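Student: Requesting a structural model of the entry that follows:
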Amino acid sequence: QVQLVESGGGTVQPGGSLRLSCAASGVTLDSYSIGWFRQVPGKEREGISSISSDDGRIFYADSVKGRFIISRDNAKNTVYLQMNRLKSEDTAVYYCALGPMGESIWYPISHLFDYWGQGTQVTVSS
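Tutor: Numbering: from 1, shown residues only. You can find the predicted model right below:
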């Protein structure tokens with residue numbers, strides 16, 4: 001059974017940093033494309049970053065480019081999202097997701113991803 005557990009969320013002041021983790025069980029992460037998404041109540045889920053399964057191609061949405069860094073540690077079966085220079089508009093619930101095994105996904109488009117974590121809240125506020 002595939003399980004994804006996000007952690008690392010919390011409250012931080014504008015300009016601060018957080019690192020989100022997404023620990024996977026029931027799968028070997030290096031066979032999967034991974035996406036990070038976020039959602040604010042009343043708004044559509046936004047795909048903010050992804051890393052493909054085959055060539056490790058990385059994508060960032062314009063809203064986070066230059067501030068967020070996605071990475072994966074296959075030995076720990078964990079994916080990370082380092083978030084720097086956080087802004088109030090980054091406040092959201094953040095989710096990690098996996099695509100189908102072996103499928104290369106270049107962009108974080110929700111319906112392409114099969115497995116989802118429960119989400120972790122990030123609040124950026126002074």
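Student: ok, now which ones touch the residue positioned nearest the centre of the chain?
Tutor: Nearest residue to the geometric centre of the chain (CA atoms, centre = their mean): residue 36, 2.3 Å. Residue 36 is in contact with 20, 22, 47-50, 68, 70, 79, 81, 94-97, 108, counting by CB atoms under 8 Å, 6 or more residues apart in numbering. (Glycine included, C-beta is placed from N, CA and C.)
Student: Please, which helix or strand holds it?
Tutor: strand 34-39 (DSSP states H and E).
Student: Could I get the buried residue list for that strand?
Tutor: 34, 35, 36, 37, 38 (16 or more other CB atoms under 10 Å).
Student: so the second one touches residue 106, yeah?
Tutor: No - taking contacts as CB atoms under 8 Å, residue 35 lies outside contact range of residue 106: 10.3 Å.
Student: sorry, back to before: given the strand holding residue 36, what are its sheet partners and their directions?
Tutor: Partner strands and pairing direction for strand 34-39 (DSSP bridges) are strand 46-51 (antiparallel), strand 92-98 (antiparallel).
Student: quick one: the last one to chain centroid distance?
Tutor: From the chain centre to the centre of strand 92-98 is a distance of 5 Å (CA atoms, centre = their mean, to the nearest Å).
Student: which residues in this protein form helices?
Tutor: Using DSSP state H, no helices are found in the chain.
Student: how many neighbours does residue 17 have?
Tutor: By other CB atoms under 10 Å, 11 other residues sit near residue 17.
Student: Touching, it and residue 87? I think so.
Tutor: No - look at residue 17 against residue 87 with CB under 8 Å: they stay out of range, at 11.9 Å.
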